[in-house]
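1. sequence and predicted model, in that order:
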Amino acid sequence: MSNTLKKEDDKMYTTTLCFLLKKDKILLGMKKTGFGQGKYNGFGGKLKDGETILQATVRELKEESGIQVAEGQLAYVGKLDFIFPASPQLRHDVHIFLVHTWQGEPVETKEMKPQWFSQSDIPYNEMWQDDIYWLPTVLAGKIIEGTVIFAENNEDVAEFKFL
Ligand SMILES: Nc1[nH]c(=O)nc2c1ncn2[C@H]1C[C@H](O)[C@@H](COP(=O)(O)OP(=O)(O)OP(=O)(O)O)O1
């Protein structure tokens, strides 16, 4: 591996992502600010210093949707490594969780506008383009691990691999 690649690896940051499920519905949020603005996605964000992945998942869900969960209500479903060859500093991994029970009702926050969708009508064309490669597998009950390599425009998926 070249030194350049090693340097990029060192810079990788960690994020969380979680999806609430209720019967045949899934809760997505329209991201109003920051990375992924204008896309529907689950709720999550970067780990803060000293935080565990579970703590960050609970905190981000609360900040972005008003929903409170206990760590024990988070079901781990997988991990993805997002690689942006045109912008190596964007590289990050995401730890993904499903939530079936929680406290409170979703509310609009300054970061996200929550909306329930039928699981058979997920708006993949308004989401990150990698989601259609792995979210159906997660919703089918499988645990995933994979790598996404984005194209030069940092939007299209150049390659998706399940490990
Ligand atoms: N390609 C991708 N596909 C996807 O489904 N989710 C992605 C994604 N790339 C990033 N995400 C998720 C992970 C995480 O939940 C969120 C981005 O988190 P960031 O922390 O980078 O953004 P924020 O603007 O929310 O920053 P903070 O609130 O400061 O943490 O988007």
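-> Great, that's in hand.

2. interface residues of this protein facing the ligand?
-> Residues of the chain lying close to the ligand (C-beta under 6 Å from any ligand atom) are 15-17, 34-36, 41, 44-46, 82, 94, 128, 130-131. For glycine as for every other residue, the C-beta is placed from the backbone atoms N, C-alpha and C.

3. which of these tops the neighbour count?
-> Thr16 (26 neighbours; other C-beta atoms under 10 Å).

4. helix, strand or coil for it?
-> Here Thr16 is recorded as strand under DSSP: H, G, I helix; E, B strand; the rest coil.

5. from Asn153, how far out is it?
-> Applying C-beta to C-beta, to the nearest Å, the value for Thr16 to Asn153 is 25 Å.

6. likewise Tyr133?
-> 17 Å.

7. more neighbours: these two, which one.
-> Tyr133 (18 against 9).

8. which residues touch the more buried one?
-> Contact analysis of Tyr133 by C-beta atoms under 8 Å, 6 or more residues apart in numbering lists 146, 148, 157, 160.

9. next: Val77.
-> Contacts of Val77 (C-beta under 8 Å, 6+ apart): 96-98, 138, 142-144.

10. emit the ChimeraX select command for whichever of those residues are buried.
-> Only the buried entries of the contacts of Val77 go into this ChimeraX selection, using 16 or more other C-beta atoms under 10 Å:
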select :96,97,98,138,144
